[in-house]
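Visitor: Build the 3D model from these lines:
(one chain, ligands or ions: 1)
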Amino acid sequence: MSVYDYVLTQTNFVRKDDLNYPFEERGLQFGDGIYEVIRVYNGKYYLINEHVERLYRSAEAVRIELPFTEKEMYSHLDELLNKNNIESDAKVYLQVTRGSAPRDHSFPLNTTANLYAYVQDLPRKMNIMREGVTTITEPDVRWDWCYIKSLNLLPNVMAKQTASEQGCFEAILHKDGEVTECSSSNIYLVREGKVHTHPAKKNILHGCVRMRVEQFCKEESIPFIEEAFRVEDIQYADELFLSSSTAEVTPIIKVDGKPVREGMVGEITRKMQEKYEQDAGIIESASIFAKEV
Ligand code: PDD
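Guide: Got it, this is the predicted structure:
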């Protein structure tokens, strides 16, 4: 998937091949930084306010001073798409670290944050959204502040790798049997017409798409119950689905080798996918519901 040439940094736009990363960098040495992954459809951001607001919340939580005001951030992010002439479906990866300084655990003095943001093509994952994905369950060994979108992703990486090695798309994470979220997405269980998901407490990421799923449920008068479900509840699920900026709303059809609803995608999941497409302004011919030619 190609990365476009112009990269936004804290000082200016540079070409990606001219980027010069410092040797001692707190993101590299400590994972001391935060990030966002923002979806772009037809050259336009989706849920940009939600992502930028979360970035500022994460920055405040870890006391990183961002190099731009929120207003400047919006205009730089727009310019990033314009400079790269983006008209297609893509994602923007944006990260901010505490900066470059000799290695020492405590915050360095007089150091400014390092920021970069780049654009990469990201066609929609039509097959997985139509057919659903398989998953495994894994213990959630992360810290208690997962609402911060921090660069410390080693537990997520390990869980995802375990899933991949078993031919699965995602790892469903649980703390002592209580399902929190997935390694890089939020998760929902549908039972008797109600959507259940872990409450937006500090120990999960408050997904931007999750906020929309909540709104979609409201609009459709589907109860959205923010109460954690347990791994053993999955066997009684009518439907299971996940959400993220890259996977949108994706059905889960298998967990630990056992089919959910005999591997069929459920109606509420389909409704959420339909509403997502409407909300994101996806045109009919690009819809997952369009007849394949
Ligand atoms: N991940 N939970 C976790 C642990 C995540 O990493 C993500 C997103 C989500 C969903 O958040 P959102 O709806 O705002 O994308 C939930 C991104 C896509 C990533 O790390 O690549």
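
Visitor: List the contacts of residue 204.
Guide: Contacts here follow C-beta atoms under 8 Å, 6 or more residues apart in numbering; on that basis residue 204 touches 146-147, 180-181, 186, 198. The C-beta positions use only the backbone N, C-alpha and C, and glycine is treated the same way.

Visitor: What's the local residue count around the spatially closest residue to residue 227 that is not a sequence neighbour?
Guide: In space, and not counting its chain neighbours, residue 227 is closest to residue 196: 6.1 Å by C-beta to C-beta, 6 or more residues apart in numbering. When neighbours are counted by other C-beta atoms under 10 Å, residue 196 registers 19.

Visitor: who touches whatever helix or strand residue 196 lives in?
Guide: Assigned by DSSP states H and E, residue 196 falls within strand 194-197. The list of residues contacting strand 194-197 from outside it, by C-beta under 8 Å, 6+ apart, reads 186-190, 210, 213, 217, 222-227, 229, 268.

Visitor: so which of the residues you listed also contact the ligand?
Guide: 186, 210 (C-beta under 6 Å from any ligand atom).

Visitor: Now the closest residue to residue 147 other than its chain neighbours: which helix or strand?
Guide: Excluding its sequence neighbours, the residue lying closest to residue 147 (C-beta to C-beta, 6+ apart) is residue 202, at 4.9 Å. Element membership for residue 202 (DSSP H and E) is empty, with no helix or strand holding it.

Visitor: Need the three-state assignment for residue 190.
Guide: Classification of residue 190 by DSSP: H, G, I helix; E, B strand; the rest coil places it in strand.

Visitor: can I get the contacts of residue 204 in JSON lines with secondary structure?
Guide: Output for the contacts of residue 204, formatted as JSON lines (three-state DSSP):
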{"residue": "146", "secondary structure": "coil"}
{"residue": "147", "secondary structure": "coil"}
{"residue": "180", "secondary structure": "strand"}
{"residue": "181", "secondary structure": "strand"}
{"residue": "186", "secondary structure": "strand"}
{"residue": "198", "secondary structure": "coil"}
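
Visitor: Buried only: go through these for me.
Guide: By neighbour count, with 16 or more other C-beta atoms under 10 Å, the contacts of residue 204 hold 146-147, 180-181, 186, 198 as buried.

Visitor: Pick out whichever of those sits closest to residue 4.
Guide: Taking C-beta to C-beta as the measure, residue 4 lies nearest residue 186 of those, at 28.2 Å.

Visitor: Looks like that closest one contacts residue 210 (just checking).
Guide: Yes - with contact defined as C-beta atoms under 8 Å, residue 186 counts as touching residue 210 (4.5 Å).

Visitor: Overlap of the contact sets of those two?
Guide: The contact lists of residue 186 and residue 210 share 197, 243, where a contact means C-beta under 8 Å, 6+ apart.

Visitor: Mind checking which of the contacts of strand 194-197 are buried?
Guide: Among these, those classed as buried by 16+ other C-beta under 10 Å are 186-190, 210, 213, 217, 222, 224-225, 229, 268.
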